[in-house]
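A.B. asks: just to be clear, the model below is a prediction. Sequence and coordinates:
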Amino acid sequence: MNKLSLVLLLFICFNLKAQNKTDTSVYLCKYSFEWQKDTANMFSKSNDLMYLEIGKNSSIFYSYYRFLGFRNLSEDLKMRKSLDYIKSNYSRYYQNSETEIIIHNFGKKEFKVIDKLTGNGVTYCYLDSVKTPVWTLAKDTLTILNHLCQMATTTFKGRDYIAWFAPDIPISIGPWQYTGLPGLILRIHDTKNQIWFEATELGSTTASDAAEIEYPNCLQVAKSKLRELKRIQAEDRLAFEKMQNPNLTITYRNSSGEIIQPPHKLKPYNPIDLSK
Amino acid sequence: MKITICAFLFFISKSLCAQIVFSGKIISTNNQPIPRASIVLIKRNQLNIFAFAISDNNGMYKITCNENPDSVNIKVSAIGFGDTIKPLARHSQIINFTLTEKETKLPTVKVKSNPVTLHGDTTDYNVSSFATNQDRVIGDVIAKLPGIEIDPNGAIKYNGKLISNYYINGLDLLENRYGIANGNIPYDLVDKVQILNNHQPVKVLDSLKNSTNPALNIELKKKGMNKFIGTAKAGAGISPFLSDDAIVSMKFNKNFQFITAYKYNNTGIRLSNELTQQVLIQDINAPKPENVKENLLSLISLPAPILQEPRYIFNNNHLFHLSAIKVLKNTGQIKFNIGYINDYNKSTGSNATTLFLPSDTIKFIENLKTGISTNKLNGDFYYTLNKRNKYIKNASKIQLDFNNEKGSIENTGNVYQNLNNPFYQFENNFLMLTPIKKKLVSFKSNTFFNRTPQDLSVRPGQFTEVFNDSLPYDQITQKAVLNKFISDNSVAFFTKIGQLEGDFDLGAEYSYKQISSSLTKENNQTIYQLNDSFQNKLNWQNIRLYGNANTTIKMGEKQISITLPIELNNLSVNNKSNASTHDQSYLFFNPDIDLHLPYGSNFGAEIIYSHRNSLGNFIQTTPGFMLTNYRTINQNDSLLPVQRLNNISVSNYYKDPLQGLFCNVSVSYSNTNNNIIYTQSYDNIFSKTTAIQFPNSSKSVILSGRVNKYFFQSKTNIALSANYTWNKSLLIQQSDFVNIFTNSTTFSAKINYDNLNFLSVQNNAVFNIFSNTIKPFTKNSSAFSSMQFQEKLNLYFFLSKKTSLYFNSEYYNLWNKASGSNQYYFGDAGIKFTYKKTDFELGCNNITNNKYFTMFSLSDNMRQTTQTQIRPRTLMIKCYFKF
């Protein structure tokens, strides 16, 4: 499958859906997100820009680049740009950005996790109860974005973390699924430095279009099922394709045209959540 | 028993006392519960929170406090409400809070693209924060980064320590030829320059061997990835006709990278600098010191002036190089670096030499014209597999030099010298680390062969009294061939027990070296072979068996490394000239102790002690006379030099990248004991050096320090450094023992100021004092000294985004006790502008049209005053474009 068809598969039916605007005014915290996708290669780090929009009753956490990529592609398709143009401007669509969106419902203490797999274009979602990490406070302080932050440590979902929270912003959440500190988390990273979120901008805003992104008609799945699908998609794309289409036959040939066994080598996969 | 019960009750009561619970409800003024409010306990007069709770959906909270809550406040805050603080009593209690509504709006705060950020052991430098309009390639920006310095030979140091690897997007494309990246990758393609502290490049050693070395990574922007990037330069000027052209192409993919370039200039830019092999620390494939070219013969030429090379080099230089790396499906990497240099370099000038001898002073002047033609090809081929469970690296390198040097000298009469100076070398370095029965084992094999066949012809023949019964003759020709073959093979076992890391090596090295030389004289078109005393046919064969135990003990962040190598050398020297053989065994013990003492993340110290016994250079054992240059004959009496070196060095560093502050100070002392001493005897300008057995020692002290502060607000980088070197050595001159003491002190200051939109300033000042004292044992000592001051000022005025002016000035003040002072001023100016994506540069160099440069140099017992012809005023126009 070439890149272009992948783009089209991903976005052709991807649209904005007006959602209930429970929060019209929100706090916005932008995080730079650095993620080492291969534990054996310290240079396999990808970067993303994540938005955490915090309302009175809920928050939404998503990749701004993904949103921007969608918007750019929608505009290009709307303007009937040629396929050559789309091919040559592939980087405008931010295909490698994080696909997961996390909506945190404060009252129900639950996360709604929505994810659209690039491998099959299907949107999956599940509800998960909020599990608050047990934090240990430290005395170290650091100023981030003009806010004095205090250090706290925890072990959460298979990783040891160091977090820096701002007590003068009494919002007990942070990026991804980190919660439970008496202040907004402005920096959090695991001790192996494979996952690193750092706040780069903070402010108040009105709920934007970006916060209204939601993949339509998501398919409810068990959390374990989606995690398994994501693992297979990342580690073994061929196995993933076969799972989606059992009748699919793929033949591998060498440069002389002879049929060879497909290379069966798992690609590295290092999700944020390492819990069993 | 009573005591036990009392103690038990005491602890129970204590713990009960310590477990104090505060609970309650948080409501608003209209009696509504406030969920998700923060309730924190803070000691009075302190900022830190030591306990906290978050209210639930009903506004309820509960804090269990394990500390004595004396002098503690409880603070409640929630978004949309004002904060409330109350002092706490020392017992469990219910405390309810009513919060008053208050609109809170977070002020917008945005990170101003931090110039420097820390991510664990990685320091990121944001390139756009340090780059200015006059920069062209990434090397220009790296040189300005706080904490980083680039040596004149291109080696990069981070806070005084050489880097161990240079990566481009995580791939080590260039190994130790990273000058290619520094000199060719446009800086605007680079997002970040990263310093990877404590970098261990071998994954299988990651948890076994701690590294304290820094590495550098160039992180490219997306626009620098996955596409061909081409840059080109075309330049022309006068006088004579000057040309400066380059075409560079590169591509950086995730699994494939290449850089290739062709360059030409006759404007004095030495292109071979781009292919210089930089020293990398912790290079596990590090070549032996023997596999660099050793010159047996040389041409007398002018010492290089202290000016920048383009001011005095008259060249005609072509360069081609191609470097590529491909990541294979098994994550292995193949790569090659191929480079070719063609150059013809001319120099003209005069050299006045004064030799201070115990009983005499010899003075002579040589007017020199030399032309050096260089043809040099190198090819490096690598295969690397770097996995968590296996490491393989094989490096095959080939080097072919076809150099020729010609020169004429005028002193009492004209002398013509011609040196054919080729060098051929092949080497292969292999290393594999793999677990065997759960223990990591390494196999290492380094093998090389090189050949240096040189011949030096001098017309008319010199040393007439030695070679031709004091009668003039036409020509003398010295031929000398040096062949070396060394194969070093070892196996090592790695282990780790708790905080103790160890590896044990066992190895054998076979060395075979061969030198042959002969002298012929030519007179009246007849060639005469000179007798055996002017010939050398020497074979050297050494089998070195060695065992080495390396142990590292970690105590927290501190670590001590002890290396205990023991080696047995079985040496056999065969002199075919007189059919004699000399066999001898040497047992050497060469321990090393290295203490690495970090204090916190910013400050640290390193103490190194080493003891080295080594066999000296085999070239210094040739018994036959050799004409090493037109006025020196060399002869040794076959004694093998053996050296014993003791060295201790202490270095301290401080680094705070976020504050832009870096300091390092180091001191080292070394004492070298030698078994032979060199005697020099002079007859007019002609000298003869011989080696005789006489135990002696030389000592040296080196002190150095550097402070670098980057002021982020004012974009100002200041680096101050100081170096002091003291040496003492012993020589025999004209049969007299002399002690030679040398002192050299250098201070330098470098300032970059980039804060103004319209101006960028770079200033570099260096002040050096050198003194030299010769103390014959029987006569009065004599001393001489010199001073040098250099200042380089570069000003860039940015008239608009597309137009800038530059002025470069250089000032030199050279002072010498005997000759007084010489002052020089150089000025360059030009304009740069952009028209339709092409950058143009019109410049005039050496505006004041200086044509000669005179400098003084001192060494041991010699003082030289050198006048060199330099490039006159030149006008150049250059254009740069991308494709």
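C.D. replies: Thanks, I have the structure now.
A.B. asks: export stretch B:33-50 to CSV, keeping only CA atoms.
C.D. replies: Provided in CSV are the C-alpha atoms of stretch B:33-50 (Å, rounded to 0.1, in the frame of the first residue of the first chain):
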residue,chain,number,x,y,z
PRO,B,33,-19.6,21.0,47.1
ILE,B,34,-16.4,21.7,45.2
PRO,B,35,-14.9,18.7,43.6
ARG,B,36,-11.2,18.3,42.5
ALA,B,37,-9.9,21.0,44.9
SER,B,38,-6.3,20.7,46.0
ILE,B,39,-5.8,20.5,49.7
VAL,B,40,-2.1,20.7,50.6
LEU,B,41,-0.1,20.8,53.8
ILE,B,42,2.9,23.2,53.8
LYS,B,43,5.3,23.9,56.6
ARG,B,44,5.2,27.5,57.5
ASN,B,45,7.8,29.7,55.8
GLN,B,46,8.4,27.0,53.2
LEU,B,47,7.2,26.3,49.7
ASN,B,48,7.2,22.6,49.6
ILE,B,49,4.1,20.5,49.9
PHE,B,50,4.6,17.5,52.1
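A.B. asks: check contacts around B:Gly179.
C.D. replies: By Cβ atoms under 8 Å, 6 or more residues apart in numbering or on different chains, the residues touching B:Gly179 are B:Gly139, B:Gly154, B:Asn273, B:Glu274, B:Leu275, B:Thr276, B:Gln278. Using the backbone N, CA and C atoms, a C-beta is placed for each residue, glycine as well.
A.B. asks: please pick the buried ones from the residues you listed.
C.D. replies: Among the contacts of B:Gly179, those classed as buried by 16 or more other Cβ atoms under 10 Å in any protein chain shown are B:Gly139, B:Gly154, B:Glu274, B:Leu275, B:Thr276, B:Gln278.
A.B. asks: gap between the residue positioned nearest the centre of chain B and B:Asn182?
C.D. replies: Closest to where the C-alpha atoms of chain B average out (Cα atoms, centre = their mean) is B:Ala155, at 3.4 Å. Look at B:Ala155 and B:Asn182: by Cβ to Cβ, to the nearest Å, they are 11 Å apart.
A.B. asks: A:Asn270 - that's part of a strand, no?
C.D. replies: No. Under DSSP: H, G, I helix; E, B strand; the rest coil, A:Asn270 sits outside any strand and is assigned coil.
A.B. asks: surely it meets A:Lys37?
C.D. replies: Yes. Here A:Asn270 reaches A:Lys37: they are 5.5 Å apart, a contact under Cβ atoms under 8 Å.
A.B. asks: got a pLDDT number for the closest residue in space to B:Tyr158 that isn't next to it in sequence?
C.D. replies: Closest residue to B:Tyr158 apart from its sequence neighbours, by Cβ to Cβ, 6 or more residues apart in numbering or on different chains: B:Pro214 at 4.3 Å. Here, the pLDDT recorded for B:Pro214 equals 91.
A.B. asks: quick check: phi and psi on B:Pro214?
C.D. replies: Phi and psi for B:Pro214, reported as degrees, to the nearest 10, are phi -90, psi 150.
A.B. asks: show me what contacts it?
C.D. replies: By Cβ under 8 Å, 6+ apart, the neighbours of B:Pro214 are B:Tyr158, B:Asn159, B:Lys161, B:Ile163, B:Ser164, B:Ile195, B:Leu196, B:Asn197, B:Asn198, B:His199.
A.B. asks: and the residue of the stretch 1-150 of chain A found nearest chain B, which of the three is it?
C.D. replies: Chain B sits closest to A:Phe43 of the stretch 1-150 of chain A, with a gap of 2.4 Å, by Cβ to the nearest Cβ. Assigned by three-state DSSP, the conformation of A:Phe43 is coil.
A.B. asks: count of neighbours near the nearest residue to it once chain neighbours are set aside?
C.D. replies: Nearest residue to A:Phe43, sequence neighbours excluded (Cβ to Cβ, 6+ apart): B:Gly170, at 2.4 Å. With neighbours defined by other Cβ atoms under 10 Å in any protein chain shown, the count for B:Gly170 comes to 15.
A.B. asks: okay but B:Gly170 is in contact with A:Ser44, surely?
C.D. replies: Yes. Contact criterion Cβ under 8 Å: B:Gly170 and A:Ser44 qualify, at 7.4 Å.
A.B. asks: after the helix or strand that contains B:Leu793, next one along is what?
C.D. replies: Taking DSSP states H and E as the definition, one finds B:Leu793 inside strand B:782-798. Per DSSP H and E, the first helix or strand lying C-terminal to strand B:782-798 is strand B:803-816.
A.B. asks: now compare the contacts of B:Gly179 and name the two farthest from each other.
C.D. replies: For the contacts of B:Gly179, the farthest-apart pair by Cβ to Cβ is B:Gly139 and B:Leu275; their separation is 14.1 Å.
A.B. asks: quick one: the residue nearest to B:Asp592 when sequence neighbours are not counted and chain A, what's the gap?
C.D. replies: The shortest distance from B:Asp592 to any non-neighbouring residue, by Cβ to Cβ, 6+ apart, is to B:Thr563 (4.0 Å). B:Thr563 sits 28 Å away from chain A, taking Cβ to the nearest Cβ, to the nearest Å as the criterion.
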